[in-house]
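**Student:** turn this into a model:
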Amino acid sequence: MSDPRSNVVGMDNVAGEQVRLVPWAEGDLWLLRRVNSPEMTEHLGGPESEERLVARHRRYVELSAGGMYRVVLADGGETVGSIGFWEREWRGGPVWETGWGVLPEFQGRGLAVQAARAVVTAARAEGAHRYLHAFPRVDHPASNAVCRRAGFTLIGTEDFEYPKGHWKPSNDWRYDLGVGLRAARPITSET
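**Tutor:** Here you go, the predicted model:
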């Protein structure tokens with residue numbers, strides 16, 4: 001049986017482009033290496049070592065809750081970036097967290113917004129948690145704009161730890177997945 005999240009497509013990009021999410025696979029380490037540039041990791045604490053990239057890749061391949069994806073253009077299948085959602089504890093309970101990166105040559109085309117909307121659909125389909133959060137740094141206007149355009153609600157500003165040991169002011173954007181949650185899964189409340 002195929003993964004129903006592998007065909008999630010963004011629909012209303014200004015440029016008319018659409019994206020598709022492809023589940024992360026063994027051969028996708030090259031993409032982690034591409035997004036590991038100083039330019040792409042400026043708001044994430046800087047590039048990681050090769051050893052840490054390989055460990056991250058392994059976690060992505062073996063992720064048991066949530067999903068990691070390559071973001072590809074729906075027409076042509078060219079890889080433009082990555083996005084995912086995973087579990088984390090936030091304010092005393094489990095939630096989904098999301099994060100993304102679009103390769104420099106594809107930025108400014110609204111593709112991250114399309115990917116964020118698609119990952120909302122994937123997280124809702126997973127059905128485990130009521131909320132999906134994104135925590136872009138307050139000084140990262142592009143990622144904050146993605147959250148706003150993808151329909152997330154700004155909850156406030158928090159000191160957020162990423163990478164471990166590095167606290168920075170970040171915005172807490174939340175998407176309520178409650179509408180359309182599968183009835184068989186409980187909705188987890190959040191304080």
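**Student:** C-alpha coordinates for stretch 157-173, CSV please?
**Tutor:** The C-alpha atoms that make up stretch 157-173 are tabulated as CSV, following Å, rounded to 0.1, in the frame of the first residue of the first chain:
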residue,chain,number,x,y,z
THR,A,157,7.2,35.0,21.0
GLU,A,158,9.2,32.5,23.1
ASP,A,159,12.8,31.8,23.8
PHE,A,160,13.3,28.6,21.8
GLU,A,161,16.2,26.2,22.0
TYR,A,162,17.8,25.2,18.7
PRO,A,163,20.2,23.8,18.3
LYS,A,164,20.6,22.3,21.8
GLY,A,165,22.1,24.8,24.1
HIS,A,166,21.3,27.9,22.0
TRP,A,167,18.3,29.9,23.0
LYS,A,168,16.9,32.6,20.6
PRO,A,169,13.7,34.6,20.5
SER,A,170,11.3,32.7,18.1
ASN,A,171,7.8,33.1,17.1
ASP,A,172,5.3,30.4,18.0
TRP,A,173,3.0,29.8,15.0
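**Student:** in it, which residues are buried?
**Tutor:** By 16 or more other C-beta atoms under 10 Å, the buried positions in stretch 157-173 come out as 158, 160, 168, 170, 171, 172, 173. From N, CA and C alone the C-beta is placed, and that goes for glycine too.
**Student:** closest one of those to residue 69?
**Tutor:** Among these, residue 173 lies closest to residue 69 (C-beta to C-beta), at 19.1 Å.
**Student:** my guess is that closest one contacts residue 137. True?
**Tutor:** No - in this structure residue 173 lies outside contact range of residue 137 using C-beta atoms under 8 Å: 11.8 Å.
**Student:** next structured bit after the lowest-mean-pLDDT helix or strand in the chain?
**Tutor:** Ranked by mean pLDDT, DSSP states H and E, the weakest helix or strand in the chain is helix 38-41, scoring a mean of 66. Where DSSP states H and E defines the elements, the next helix or strand beyond helix 38-41 is helix 50-61.
**Student:** list the contacts for residue 147?
**Tutor:** Residues in contact with residue 147 (C-beta atoms under 8 Å, 6 or more residues apart in numbering) are 116, 134, 136, 154, 171, 173.
**Student:** for it, pull up the helix or strand it's in.
**Tutor:** Per DSSP H and E: helix 141-150 holds residue 147.
**Student:** now that helix: how far from the chain's centre is it?
**Tutor:** 12 Å (C-alpha atoms, centre = their mean, to the nearest Å).
**Student:** CA atoms only: put it into PDB for me.
**Tutor:** Coordinates of the C-alpha atoms in helix 141-150 are reproduced here as PDB (Å, rounded to 0.1, in the frame of the first residue of the first chain):
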ATOM      1  CA  PRO A 141      11.100  37.300   7.900                       C
ATOM      2  CA  ALA A 142      10.800  34.800   5.100                       C
ATOM      3  CA  SER A 143       9.900  31.800   7.400                       C
ATOM      4  CA  ASN A 144       7.500  34.000   9.400                       C
ATOM      5  CA  ALA A 145       5.800  35.000   6.100                       C
ATOM      6  CA  VAL A 146       5.500  31.300   5.100                       C
ATOM      7  CA  CYS A 147       3.700  30.600   8.400                       C
ATOM      8  CA  ARG A 148       1.300  33.600   7.900                       C
ATOM      9  CA  ARG A 149       0.600  32.700   4.200                       C
ATOM     10  CA  ALA A 150       0.100  29.000   5.000                       C
END
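**Student:** brilliant, that's me finished.
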